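Got a predicted structure here, sequence first:
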Amino acid sequence: MGWSDWGDAASLETIGNEPGSGAVAANLQTMQPTELWESTDLTNLHFELDRGSAEALNVVALLYTNASSGATWRIRAADDQASLTDGSADYDSGSITLRAAGADDTWERPHGVLWISAGITRRWLRIDITDGSNPDGVFRAGRLVIGDLWQPARNAQYPIAFGPVDDTQHKRTDGGSLIPIHRGDPYQVADLRFKFLNEAESLEHVHDFRRRRGRRYDMLVLLDPEDASYLQHRTLYGLITRDDALGHAGFQRFEHRVQIDELT
């Protein structure tokens, strides 16, 4: 879990046709995924980001897209801009499927997630997107997260509660029928309990989240970043809605419970 500490601090340059109406690439660096970026260029769409100096990252996530099943993307990273395209990039994912595993056509806004388990430290990043068969004739995305996410040494403890929540209310009519009222779209929730954190994890990461992000700013949670079947299901971007005080449970053992509700 973490946030877009790399991506939001980078300058962003887009190559591709942006149709206007405010749907510009800068929206990818804002918190609300309803502030969309759009492009009508489906075959030569790319953007480059300059972080200003080499910084660590281990995830690139393009969230709330309308990517078709045939969409691909390619991520390259280097210490200078020229190396992104001259064949000498320090990191190159190659052309890979954009949709996260498990994101079939029933997902209205599938995510793209690239997890780089070993991490990299680079100044420049380039993302190429190809989605020539997109039936909408335009490519859309709501958020770009590039960051150095924290992965605890010990996983969150069971039971781990996560999945869609539907706040729709019901009312029974005089005739006995039960009907839904105040309908809302389901949103993802994750309730995580960390009971075996060491001192460094609790103070360098959990304490940092609470101090710098709190309940005010967005977080990305990948419940299993290497899930080859259901990564879409286990990806959650949202706000912290429950943030228990950091507990010092014993010598060199700390505890924390946090809940994240999806931004939609």
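Ah, there it is. Please read all numbers here as calculations on a predicted model, not as lab measurements.

count of residues packed around the closest residue to Leu223 other than its chain neighbours?
For Leu223, the nearest residue in space outside its immediate sequence neighbours is Arg234; the separation is 3.9 Å by C-beta to C-beta, 6 or more residues apart in numbering. For every residue, glycine as well, the C-beta is placed using N, CA and C. A count of nearby residues for Arg234, using other C-beta atoms under 10 Å, gives 21.

cool, and Val165?
12.

Please tell me the pLDDT value assigned to it.
Val165 carries a pLDDT score of 94 in this model.

Does it have any beta-bridge partners, and if so which?
On the basis of DSSP bridges, Val165 is bridged to Tyr187.

hang on, the earlier thing: so who does the residue nearest to Leu223 touch?
162, 222-224, 227 (C-beta atoms under 8 Å, 6 or more residues apart in numbering).

Closest to Ile127 out of the residues you listed?
Leu222 (18.2 Å; C-beta to C-beta).

per-residue confidence at that closest one?
At Leu222, the model reports a pLDDT of 97.

cool, and the one 3 residues further on?
Listed pLDDT for Pro225 reads 96.

my read: it touches Leu231, true?
Yes. Under the criterion of C-beta atoms under 8 Å, Pro225 makes contact with Leu231 at 7.4 Å.

Out of these two, name the residue with the larger neighbour count.
Under the neighbour definition other C-beta under 10 Å, Pro225 and Leu231 were set side by side, and Leu231 has more, 22 against 19.

So that one lies in a strand, does it not?
No. The assignment for Leu231 is coil, going by DSSP: H, G, I helix; E, B strand; the rest coil, so no strand is present there.

Who are the contact partners of it?
Taking C-beta under 8 Å, 6+ apart, one finds 100-103, 113, 222, 224-225 in contact with Leu231.

cool, and Ala77?
57, 84, 89-91, 120, 122, 124-126.

now do 10 Å
When contacts are counted by C-beta atoms under 10 Å, 6 or more residues apart in numbering, Ala77 touches 49, 51, 54, 57, 60, 83-84, 89-93, 116, 120-126, 146.

For the helix or strand hosting it, which strands pair with it and how are they oriented?
Per DSSP states H and E: Ala77 is located in strand 72-78. Within its sheet, strand 72-78 is paired with strand 91-92 (antiparallel), strand 96-97 (antiparallel), strand 112-130 (antiparallel), according to DSSP bridges.

Thr14: which of these is closest?
Across the strands paired with strand 72-78, closest to Thr14 is strand 112-130 (C-beta to C-beta), at 9.9 Å.

how is the protein carved up into domains?
The chain breaks down into these structural domains: 11-147, 161-262 (assignment by automatic domain parsing).

Residues in a beta bridge with the closest residue to Arg74 other than its chain neighbours, which ones?
Distances taken as C-beta to C-beta, 6+ apart place Asp128 nearest to Arg74, at 4.4 Å, with adjacent residues excluded. Note on Asp128: beta-bridge partners by DSSP bridges are His46, Arg74.

related to what we said a few turns ago, which of the strands paired with strand 72-78 is buried the deepest?
strand 112-130 (a mean of 19; mean count of other C-beta atoms under 10 Å).
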